[in-house]
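Engineer: fold the following and give me the result.
(one chain, ligands or ions: 1)
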Amino acid sequence: MTPARAVTAPAIATARLDLLPLRAGHAEEMAAVLSDPALHTYIGGSPDTPRALRSRYERLTAGSPDPAVSWLNWVIRLRDEACLTGTVQATLAPSGRGTLAEVAWVVGTPWQGRGIAGEAARGLVEWLGGTPVRTVVAHIHPAHRASAAVATAAGLTPTDDWHEGERRWHRSLGG
Ligand SMILES: CC(C)(COP(=O)(O)OP(=O)(O)OC[C@H]1O[C@@H](n2cnc3c(N)ncnc32)[C@H](O)[C@@H]1OP(=O)(O)O)[C@@H](O)C(=O)NCCC(=O)NCCS
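Structural biologist: Numbering: from 1, shown residues only. Sure, this is the predicted structure:
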């Protein structure tokens, strides 16, 4: 089995978006993008200050302490408006059936409803298709229709498995 840590995040371009590997230097702009408490309705927590976000991004970019696990994080840049709008992430780990990626997405309130999360999630999952990842999963609150639609756009389907009140969504990749 290929260790998940062999995979690193490249820049990924889609029609309107550049998914750029997360850096600590993105924290200041991202703190404003993610400043609406409503973003935490289904995922818990509250918005970070720029300083707290920078420390979180420093921890994320330092990488997982478990060498078998790979933390891949991107900011979503809207190319024409030259601004950051959100993040996508994939956590890669070995599983019984090859490498598994757990994915998640956030788009700042001012940019929601423009298909940005769907386009970013599709780009991410397409890219994962060229890596050792064989299974993509996401955990989504059952009342979160927008996130369910994003998962559907990325080719995931709902399963009957639940984890901490969230439904597991799933897609198999490759052979
Ligand atoms: C979930 C989230 C990323 C969606 O971002 P977005 O950029 O607005 O999503 P899109 O514009 O790509 O829309 C995706 C779909 O959701 C639908 N949608 C958007 N807002 C909706 C709402 N409030 N209710 C129902 N459907 C909604 C859109 O119509 C679209 O459906 P379609 O693909 O069938 O046309 C954003 O709401 C968010 O960041 N929420 C907070 C963080 C979060 O909960 N993340 C999920 C963790 S897995």
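Engineer: neighbours of the residue nearest to residue 138 when sequence neighbours are not counted, how many?
Structural biologist: In space, and not counting its chain neighbours, residue 138 is closest to residue 169: 4.5 Å by Cβ to Cβ, 6 or more residues apart in numbering. For glycine as for every other residue, the C-beta is placed from the backbone atoms N, C-alpha and C. A total of 23 residues lie near residue 169 under the criterion other Cβ atoms under 10 Å.
Engineer: distance of residue 169 from the ligand?
Structural biologist: Note on residue 169: its distance to the ligand, by Cβ to the nearest ligand atom, to the nearest Å, is 9 Å.
Engineer: give the contact list for that residue.
Structural biologist: Contacts for residue 169 (Cβ atoms under 8 Å, 6 or more residues apart in numbering) come out as 137-140, 148, 151, 156-159.
Engineer: partner residues bridging it?
Structural biologist: residue 138, residue 158 (DSSP bridges).
Engineer: wait, a strand at residue 100?
Structural biologist: Yes: under DSSP: H, G, I helix; E, B strand; the rest coil, residue 100 falls within a strand.
Engineer: residues contacting it?
Structural biologist: 92-94, 133-137.
Engineer: same check, this time on residue 44
Structural biologist: Applying Cβ under 8 Å, 6+ apart, no residues qualify as near residue 44.
Engineer: do that again at 10 Å, thanks
Structural biologist: If you count contacts by Cβ atoms under 10 Å, 6 or more residues apart in numbering, residue 44 has them with 141, 164.
Engineer: are any of the contacts of residue 169 buried, and which?
Structural biologist: 137-140, 148, 151, 156 (16 or more other Cβ atoms under 10 Å).
Engineer: return the member of those residues nearest to residue 11.
Structural biologist: Nearest to residue 11 among the buried ones among the contacts of residue 169: residue 138, at 22.2 Å, using Cβ to Cβ.
Engineer: check which residues of stretch 114-129 are buried.
Structural biologist: Quick answer for stretch 114-129 (16+ other Cβ under 10 Å): 115-125, 127-128.
Engineer: and if you look at stretch 8-26?
Structural biologist: Of the residues in stretch 8-26, those buried under the neighbour-count criterion (16+ other Cβ under 10 Å) are 9, 12, 14, 16-20, 22, 24, 26.
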